[in-house]
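> what's the 3D shape of this:
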Amino acid sequence: MIQDIGKHAFSNRYVPKEPQAQSIVLCCRAIEIFCYLTGEKSQDNSGVRLGGNLELPRFSDFSCSAAELDLVYLFSVDEQDFFLARAADAAEVLMSEAGAAEGFSSPRFSWESIRELRFASPRWLAFAAITGHQLATWYRNNRFCGACGYPTELAPKSREIVCPACGNVIYPRINPGVIVGILDQSHERLLLTKYARAHYRYDNYALVAGYTEVGESFEQTVLRETKEEVGLEVSKLRYWRGQPWPFSSSILVGYWCEATRDDVTVDHGELRSAVWLHRDEIPMPRRDTSSLTNLMISAFAQGFNPYAP
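Model (predicted):
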């Protein structure tokens, strides 16, 4: 999955430190990140690159100081430190209208959608960039206190945003949600869905999924989402695996369950379709190894049974 980076060690422990020449500096805006990414875009409807090499700017690439960039330490992978440029104009001044960076030693960097990094290599660097973008969004969205409107400050020794006026403390946002693999009673068919949102380019099969509401456990979320999206009651819930999903600032947990019946009632506000497919009917191979959804679908297609003794 996206967080699986082999022997590399990701450390999100906040340690206030100064950037070194080889420290990586992330510049982010909206859904984009400043980077160099090779590779051709996919010819399918996803519109993202299915590979390519990723390179990120380092502090030595900039002609401006750490203070001018308003750098904040993010995390490390092995001995590689990552910083975020928080200055309001840091992103804009790095590029000219021609696409080259102003004050940058190389014009090869450009703005890319964060989703373009989903399949980039090396995987540890792509994961770090995507996770850094998640934190960048949190920092950007909390420059002012949501309780009193006063400008916020960074806590000096921990990853918190604090309001000096009212004392409000803001932690990084993490949205919990579930991915649900629904099996029929034979355990040989899996319910696969497609999203209803026309603007969403992802047209491959997915699973029932949804965010956990206030007062719910993950198991209660599974029961509610399956009832709402496909009109099914389920039992025999089995937790499988979890993963961070930085694109939506989420933590996702995967469950398997068994439907009490086969008749599906699709909520067309959420889904375009929901079909039962035997494991032999599921299209393979699935190129996306980054998501829990595709890992669950692929595992089932290859013979996995969560209820096997």
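
> Tell me which residues are up against the longest helix seen in the chain.
Ranked by residue count, the top helix of the chain under DSSP state H comes out as helix 123-141. Residues outside helix 123-141 that contact it (CB atoms under 8 Å, 6 or more residues apart in numbering): 2-6, 8, 10, 24, 26, 28, 33, 35, 54, 56, 72, 74-75, 77, 80, 82, 84, 86, 114, 117-120, 161, 172-173, 244, 246-247, 249. (Each C-beta comes from the backbone N, C-alpha and C, glycine too.)

> Can you tell me which of the residues you listed are classed as buried?
2-3, 5, 24, 26, 28, 33, 35, 54, 56, 72, 74-75, 77, 80, 82, 84, 86, 114, 117-120, 161, 244, 246-247, 249 (16 or more other CB atoms under 10 Å).

> if we can go back for a sec, among the contacts of helix 123-141, which are located in strands?
10, 24, 26, 28, 33, 35, 54, 72, 74-75, 77, 80, 82, 84, 161, 244 (DSSP state E).

> which two from those residues end up farthest apart in space?
Maximum pairwise distance among these (CB to CB): 28.4 Å, between Leu54 and Ile161.

> Glu234: neighbour count?
Careful, residue 234 is Val and not Glu. Val234: 23 surrounding residues under other CB atoms under 10 Å.

> Spatially nearest residue to it, not counting backbone neighbours?
Cys257 (4.0 Å; CB to CB, 6 or more residues apart in numbering).

> Make sure I have this right: the one you found is in a helix.
No. Read with DSSP: H, G, I helix; E, B strand; the rest coil, Cys257 is strand and lies in no helix.

> so what's it up against?
Neighbouring residues of Cys257 by CB under 8 Å, 6+ apart: Val180, Gly181, Ile182, Leu183, Val222, Thr226, Val234, Ser235, Lys236, Leu237, Arg238.

> and what of Gly52?
Here Gly52 is in contact with Leu37, Thr38, Gly39, Glu40, Phe119, Ala120, Ser121 (criterion: CB under 8 Å, 6+ apart).

> do the same with Cys166
Cys166 makes contact with Cys145, Ala147, Cys148, Tyr150, according to CB under 8 Å, 6+ apart.

> Let me know the pLDDT of it.
On the pLDDT scale, Cys166 is placed at 98.

> What of the one 4 residues further on?
Ile170 is assigned 98 on the pLDDT scale.

> next one: Tyr202
Among the per-residue scores, Tyr202 holds a pLDDT of 62.

> Same question for His199.
On the pLDDT scale, His199 is placed at 44.

> What of Gln43?
On the pLDDT scale, Gln43 gets 51.

> Equivalent analysis for the one 4 residues further on, please.
Note for Gly47: predicted pLDDT of 56.

> so where's this structure uncertain?
Residue ranges of the chain with pLDDT under 70: 40-50, 88-107, 198-202, 285-287.

> The same query, at a cut-off of 80, please.
Residues of the chain that meet the criterion pLDDT under 80 lie in 39-51, 63, 88-108, 197-203, 284-288.

> would you list every one of the helices in it?
Secondary structure of the chain by DSSP H: the helices cover 66-69, 90-93, 123-141, 218-230, 292-301.

> okay if I get the contacts of Cys257 as JSON lines plus distance to Glu68?
Listed next are the contacts of Cys257 as JSON lines, based on distance: CB to CB, whole Å:
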{"residue": "Val180", "distance to Glu68": "48"}
{"residue": "Gly181", "distance to Glu68": "49"}
{"residue": "Ile182", "distance to Glu68": "53"}
{"residue": "Leu183", "distance to Glu68": "56"}
{"residue": "Val222", "distance to Glu68": "49"}
{"residue": "Thr226", "distance to Glu68": "52"}
{"residue": "Val234", "distance to Glu68": "55"}
{"residue": "Ser235", "distance to Glu68": "59"}
{"residue": "Lys236", "distance to Glu68": "58"}
{"residue": "Leu237", "distance to Glu68": "52"}
{"residue": "Arg238", "distance to Glu68": "52"}
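
> returning to what we had before: tell me the one among the contacts of Gly52 nearest to Lys17.
Ala120 (26.5 Å).

> Name the residues linked to the residue nearest to Val234 by a beta bridge.
Ile182 (DSSP bridges).

> Contact partners for Gln3?
So Gln3 contacts Phe10, Phe127, Gln243, Pro244 (CB under 8 Å, 6+ apart).

> Redo these as TSV? Include distance to Asp267.
Shown next, in TSV, are the contacts of Gln3 (distance: CB to CB, whole Å):
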residue	distance to Asp267
Phe10	37
Phe127	33
Gln243	25
Pro244	27
